[in-house]
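Visitor: based on what follows, work out the 3D shape:
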Amino acid sequence: MSKFGAFCVLISFTLACWSEEKARYVEPAYELPKVVYEFYLDDPAKMSAALYWVRALINPLTESPYDMAPDFMDIKLVIHGSEIVTLVKKNYPLYRDVVERMRYYAALGVEFKVCKLAAEDYHYDLDDFYEFIELVPSAFTELVHWQQQGYALIIPQVFLRTRSLEEIR
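Guide: Got it, this is the predicted structure:
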């Protein structure tokens with residue numbers, strides 16, 4: 001057999017082996033998270049999708065094999081974009097589902113922090129917000145503070161899907 005023929009056999013064998021292999025599932029040794037989320041959205045309608053980023057952190061860690069209690073997770077959301085309107089009492093009829101999800105997360109120990117500078121831009125004050133909201137002096141100062149305390153920064157990116165999953169698979 002020529003060198004080229006041997007090479008072709010070797011390549012064919014390698015490809016055949018690869019085609020029979022598949023991905024594997026792993027369970028890393030995760031620890032209780034310390035996370036600060038930065039929410040700065042260009043449309044309040046994206047708040048619902050952004051909150052799924054919180055769910056995607058909490059849910060796997062509360063399930064087996066991790067079985068972590070959410071109230072021991074240290075999760076903060078710093079909010080300073082157009083989504084701020086979802087946190088205002090007068091807008092409850094428009095954002096009821098989002099508000100109730102935030103209430104649920106707040107009951108699990110997630111802290112919701114709104115930038116006072118952004119609130120002032122929208123002409124909101126402390127009385128306009130729900131009881132689970134904390135106003136902080138500045139979103140940027142808050143984000144720096146928590147990162148200096150060792151918190152991981154997560155910035156949700158919310159895209160509007162224009163094609164169905166079936167179309168892009």
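Visitor: how close does residue 25 sit to residue 65?
Guide: Per CB to CB, to the nearest Å, residue 25 is found 12 Å from residue 65. The C-beta positions use only the backbone N, C-alpha and C, and glycine is treated the same way.
Visitor: these two: which is more packed in?
Guide: Neighbour totals were compared for residue 25 and residue 65, and residue 65 leads with 7 against 4 (other CB atoms under 10 Å).
Visitor: that one: which element?
Guide: For residue 65, there is no helix or strand it lies in under DSSP states H and E.
Visitor: please verify my assumption that it contacts residue 27.
Guide: Yes. If you go by CB atoms under 8 Å, residue 65 and residue 27 touch, sitting 5.7 Å apart.
Visitor: thought residue 75 was touching residue 55?
Guide: No. Look at residue 75 against residue 55 with CB under 8 Å: they stay out of range, at 11.0 Å.
Visitor: so how far is stretch 45-58 from its chain's centroid?
Guide: 5 Å (CA atoms, centre = their mean, to the nearest Å).
Visitor: er, stretch 118-135 actually
Guide: That offset, for stretch 118-135, works out to 22 Å (CA atoms, centre = their mean).
Visitor: what's the helix or strand hosting residue 93 packed up against?
Guide: Assigned by DSSP H and E, residue 93 belongs to helix 92-107. When contacts are defined as 3 or more CB pairs under 8 Å, 6 or more residues apart in numbering; DSSP states H and E, helix 92-107 packs onto helix 47-62, strand 111-115.
Visitor: and of these, who's closest to residue 104?
Guide: For residue 104, the closest of the helices and strands packed on helix 92-107 is helix 47-62, at 9.6 Å, according to CB to CB.
Visitor: pLDDT (mean, whole number) over the following helix or strand past the closest one?
Guide: Downstream of helix 47-62, the first helix or strand assigned by DSSP H and E is strand 74-79. Mean per-residue pLDDT for strand 74-79: 98.
Visitor: same for strand 74-79, what does it pack against?
Guide: Under the contact criterion of 3+ CB pairs under 8 Å, 6+ apart, strand 74-79 touches strand 34-39, helix 47-62, strand 111-115, helix 139-148.
Visitor: how about a cut-off of 6 Å?
Guide: On a contact count with 3 or more CB pairs under 6 Å, 6 or more residues apart in numbering; DSSP states H and E, strand 74-79 meets strand 34-39, strand 111-115, helix 139-148.
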